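Participant: How does the following fold in three dimensions:
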Amino acid sequence: MPFTPHEIEWTAEKSKRLWDYYGSNPKYAENFFGFMAGNMVAKRLFASISAPEDARLLDFSCGPGDVIAACLPLMRGTQEMYATDFSDTYVRHVADRFKDEPRFKGSVLTQSLPTSYPDGFFDVVIATEVIEHLLDSELDGMLAECHRLLKPGGQVFFTTPNNEDYDASKILCPECGCTFHRWQHVRVWTAGTLAVRVEQAGFVTRIVKPVAWQRWLGKLRSLAVNRRIVKGGLVYVGERAP
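Facilitator: Here you go, the predicted structure:
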């Protein structure tokens, strides 16, 4: 058969294979968004939301837990952090990583929605660099689940690339010929499209704006500090309507 490049047809199983591979390969760790920008995301989160002293926070699709690690030192009162992911590799890693953190209340494997958490259990649901990975049916389910999990007045905090140049990150498998975004992105968001879509799921937009995630590497070379742009992104904060 002739070699024919073709666009991949993503399924939940294909996505899981890719992310299990990334999660099991330590060489990829420094390429994850949470590793590069987790501290900035955590600061932005707590500056943008109003969470009570006893709030429960959920990291939805937590990955290796870098955002959780950045959030824990900023939490106050009796606030608690929970985590869920669709990859058992990440769920096990996060459970072990934070096993000695008293604010961390465990990670749960989610194989399908809804999750095992009860209705209205959380005050804040965090999803960093998640919604660009979701197909239409997955996106509908994820937003509905965030709405179910939150108390009335609870808040979602999302980050995603801002008007990404999608084709710039596409690669081709030289064996089968499929082409795909190397980080499994399937959609591009702008501030306008993001606000409209999340509002359709029953949220009131409080914040939606571009942000330039930056990281100071802190390596001195000839008395110069190197800075690099991690990602131009969007931050969205929405409140669950009563």
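
Participant: From here on, just use CA atoms for contacts and neighbour counts.
Facilitator: Will do.

Participant: Let me know the helix or strand that Arg197 is in.
Facilitator: helix 191-200 (DSSP states H and E).

Participant: And Val208, by the same measure?
Facilitator: Val208 belongs to strand 203-221, assigned by DSSP H and E.

Participant: buried sites along the biggest helix by length in the chain?
Facilitator: Ordering each helix of the chain by length in residues (DSSP state H) puts helix 33-48 first. For helix 33-48, burial by neighbour count (16 or more other C-alpha atoms under 10 Å) applies to 33-42, 45.

Participant: Now do the strands in the chain.
Facilitator: Here the chain has its strands, by DSSP state E, at 6-7, 56-60, 80-85, 104-109, 122-128, 150-161, 170-172, 178-181, 203-221, 224-240.

Participant: of those strands, which approaches Asp140 most closely?
Facilitator: strand 203-221 (13.1 Å; C-alpha to C-alpha).

Participant: List the buried residues for the helix holding Arg197?
Facilitator: 191, 194-195, 198-199.

Participant: Check the offset of that helix from the chain's centre.
Facilitator: From the chain centre to the centre of helix 191-200 is a distance of 17 Å (C-alpha atoms, centre = their mean, to the nearest Å).

Participant: which residues sit against that helix?
Facilitator: With contact meaning C-alpha atoms under 8 Å, 6 or more residues apart in numbering, helix 191-200 is reached by 143, 162, 205, 208-210, 234, 236, 238.

Participant: so that helix versus strand 150-161, what angle?
Facilitator: Angle, helix 191-200 to strand 150-161, by axes from the mean of the first three to the mean of the last three C-alpha atoms, to 10 degrees: 160 degrees.

Participant: most centrally placed residue in this protein?
Facilitator: Geometric centre of the chain, nearest residue: Thr128, 2.5 Å, by C-alpha atoms, centre = their mean.

Participant: Enumerate every residue touching that residue.
Facilitator: Taking C-alpha under 8 Å, 6+ apart as the test, what Thr128 contacts is 34, 157-160.

Participant: Neighbour-wise, which one of those residues leads?
Facilitator: Highest neighbour count within the contacts of Thr128: Thr160, with 26 neighbours (other C-alpha atoms under 10 Å).

Participant: burial of the nearest residue in space to that one that is not next to it in sequence, as a residue count?
Facilitator: Of all residues not flanking Thr160 in the chain, Glu129 sits nearest, at 4.7 Å (C-alpha to C-alpha, 6 or more residues apart in numbering). For Glu129, the number of neighbouring residues by other C-alpha under 10 Å comes to 19.

Participant: Please apply the same query to the one 5 residues further on.
Facilitator: The number of residues packed near Leu134 is 20, by other C-alpha under 10 Å.

Participant: and it, what does it touch?
Facilitator: 185-187.

Participant: cool, and Asp88?
Facilitator: 20, 109.

Participant: I am finished for the moment; much appreciated.
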